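> Quick one, what's the 3D model for this:
(one chain, ligands or ions: 2)
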Amino acid sequence: MENVFYVEHPLLKNLITKLRDINTEGYFFRKFLSEVGRVLLIEALKYEKTIEIEINTWIGNSKFPALDEEKYVFIPILRAGLPMLEGVSEMLPKSKAGFIALKRDEETLESHLYYDRVPDLKGHTAIILDPMVATGGSLDYAIKVVKHKNPERIISLNVIGAPEGLERVSKNHPDVKIYIAQIDKGLNDKGYIVPGIGDAGDRAYNTD
Ligand code: PRP
Ligand code: URA
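Ligands and ions are numbered 1, 2, ... in the order given. Coordinates of the predicted model:
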């Protein structure tokens, strides 16, 4: 899994423990997902090339390094990926966003697309946001949808993954860099990550 980057940091462990706690209310659950997204983005763009832009400073005009913010398109997978959008957008306020909605059939564990509002991605860096990689079916599907829009490259930011799901996506999409904050033991017989955080969409929106 050469394209899977396990981002380990005490602050991430701390946030993930809060996410695992069933007493964490939806509002804070969304905030913590957003924070994990922000930390993953920092890691994913660690070696990113900057451009020189001219700005006005208190001692006159001058050129300084900056990111070409408009070339980044964040793509949260609804529902559970949506809270991650806030944290990452705060870091790159000129970035764009596209949306994909997928629902996993809880019997067959297959994902179904019910909304695709991803713009043309030519010349852009697509950054997919989804907290969970369980069987990997949803992320695999999302990457296929994104690839149809011809991005320059694809990065995926994910909070918790099961080894089997990560292997599947890594194998099917070796060209996609996957940044994950926690790799758990595996899946239970219903396809949920153990220990995991439960159903992330329900937890985020208090619909359990
Ligand atoms: C969750 C999660 C992932 C998917 C992961 O979404 O946000 O998209 O399950 O499972 P997989 O790796 O086995 O495909 P879900 O389908 O529950 O929809 P929701 O976000 O609307 O709750
Ligand atoms: N989807 C979730 O939200 N959680 C899991 O553990 C698996 C799929």
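
> residue contacts, the residue in the chain that ligand 1 sits nearest to?
Closest residue of the chain to ligand 1, Cβ to the nearest ligand atom: Gly201 (2.0 Å). To be clear about C-beta, it is placed using only N, CA and C from the backbone, and glycine gets the same treatment. Going by Cβ atoms under 8 Å, 6 or more residues apart in numbering, Gly201 touches 79-80, 207.

> from those residues, which ones fall inside strands?
The strands, defined by DSSP state E, take in nothing from the contacts of Gly201.

> In this structure Leu109 contacts Ser138, no?
No. Using Cβ atoms under 8 Å, Leu109 makes no contact with Ser138, being 9.7 Å away.

> hmm, back to that, buried set for whatever helix or strand the residue of the chain closest to ligand 1 lives in?
For Gly201, the host element (DSSP states H and E) is helix 200-205. Across helix 200-205, burial judged by 16 or more other Cβ atoms under 10 Å covers 200-201, 203-205.

> So what's the gap between that helix and the chain middle?
Relative to the centre of its chain, helix 200-205 is centred 15 Å away, using Cα atoms, centre = their mean, to the nearest Å.

> and that helix, what's its mean pLDDT?
Average pLDDT, helix 200-205: 98.

> mind starting the numbering at 6 from now?
Sure thing, new numbering starts at 6, so read that last one as helix 205-210.

> quick one: that helix near ligand 2?
Yes. Part of helix 205-210 sits near ligand 2 under the criterion Cβ under 6 Å from any ligand atom, namely 205-206.

> how far does stretch 198-209 stretch from start to finish?
16 Å (Cα to Cα, to the nearest Å).

> so how far is that stretch off the chain centroid?
15 Å.

> can you tell me which helix in this protein is longest?
Determined from DSSP state H, the single longest helix within the chain is helix 31-49.

> and stretch 88-95, which residues are buried?
Quick answer for stretch 88-95 (16+ other Cβ under 10 Å): 88-94.

> Dump these into CSV; add pLDDT as well.
CSV is the format used below for the buried residues of stretch 88-95 (pLDDT from 0 to 100):
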residue, pLDDT
Pro88, 98
Met89, 98
Leu90, 98
Glu91, 97
Gly92, 97
Val93, 98
Ser94, 98
